[in-house]
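Undergrad: What would the 3D arrangement of this be:
(one chain, ligands or ions: 1)
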Amino acid sequence: MSDKQAPEPAGAPRQIPAQEGLFHQPDSPDDQPYLIGNRCRECGFVSFPKLITCPRCIKKGTMEEYHLVRRGKVDMFASCNAALPGFKAPSVQGYITLEDGGRLWSLITGVDPDDVNAIKVGTEVELVIEKLREDADGNEIMSYKFRPVAADAKGKD
Ligand SMILES: [Zn+2]
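TA: This is a model prediction of the structure:
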């Protein structure tokens, strides 16, 4: 990525989050992405996206904003040959359980959808923010995805 401190020329495509407040997009090479969910201060339940009520305690007012950890493992996955408008097919999607207990459904990137051995249950993955699609003006609509952790990066963060 180029240095985002530099002013962008007029008319250049912009990177726009698919939804505000869902994730943090890094703005420098030292910065890391994270998902913005919440966590119950009574029982520790982690939710993404945010919930008003903790589904474990069934209490209101116990959920507080929480930045989920970036690493997790694939719980289950599927190669999808159909796509919603604006999405690409085929794609790989799956449930990811994060190291802090958060669990979410996500696109999985960096994997060949036609290679059934590309990932497996238990594959270690990490959060990335990538282009999801382009809008009518050519702007990049950005979203969260998970990709397998490179072998040489395992154990580091
Ligand atoms: Zn709770």
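Undergrad: burial count for the nearest residue to residue 40 once chain neighbours are set aside?
TA: Closest residue to residue 40 apart from its sequence neighbours, by C-beta to C-beta, 6 or more residues apart in numbering: residue 54 at 4.0 Å. Where you see a C-beta, it was placed from the backbone N, CA and C, and this is true even at glycine. Neighbours of residue 54 under the rule other C-beta atoms under 10 Å: 21.
Undergrad: What separation is there between residue 54 and the ion?
TA: 3 Å (C-beta to the ion, to the nearest Å).
Undergrad: Verify the contact between that residue and residue 62 for me.
TA: Yes: look at residue 54 against residue 62 with C-beta atoms under 8 Å: they come within range, at 5.1 Å.
Undergrad: Contact partners for residue 130?
TA: Residues near residue 130 by C-beta atoms under 8 Å, 6 or more residues apart in numbering: 109, 142-143, 145.
Undergrad: ranges for the strands of this protein?
TA: 15-17, 23-24, 34-40, 46-47, 63-67, 71-80, 91-98, 103-108, 124-134, 140-148 (DSSP state E).
Undergrad: can you tell me which of those strands comes nearest to the ion?
TA: Minimum separation from the ion across those (C-beta to the ion) falls at strand 34-40, 3.1 Å.
Undergrad: what mean pLDDT would you report for the closest one?
TA: Averaging pLDDT along strand 34-40 yields 97.
Undergrad: And the ion, is that strand touching that?
TA: Yes: with C-beta under 5 Å from the ion as the criterion, the ion is reached by strand 34-40 at residue 40.
Undergrad: got a list of contacts for that strand?
TA: By C-beta under 8 Å, 6+ apart, strand 34-40 touches 21-24, 45-51, 54, 56-57, 59, 62-70, 102, 104, 127, 144.
Undergrad: ok, now stretch 46-65?
TA: Applying C-beta under 8 Å, 6+ apart, the set of residues contacting stretch 46-65 is 22, 35-43, 45, 66, 68, 98, 100-104.
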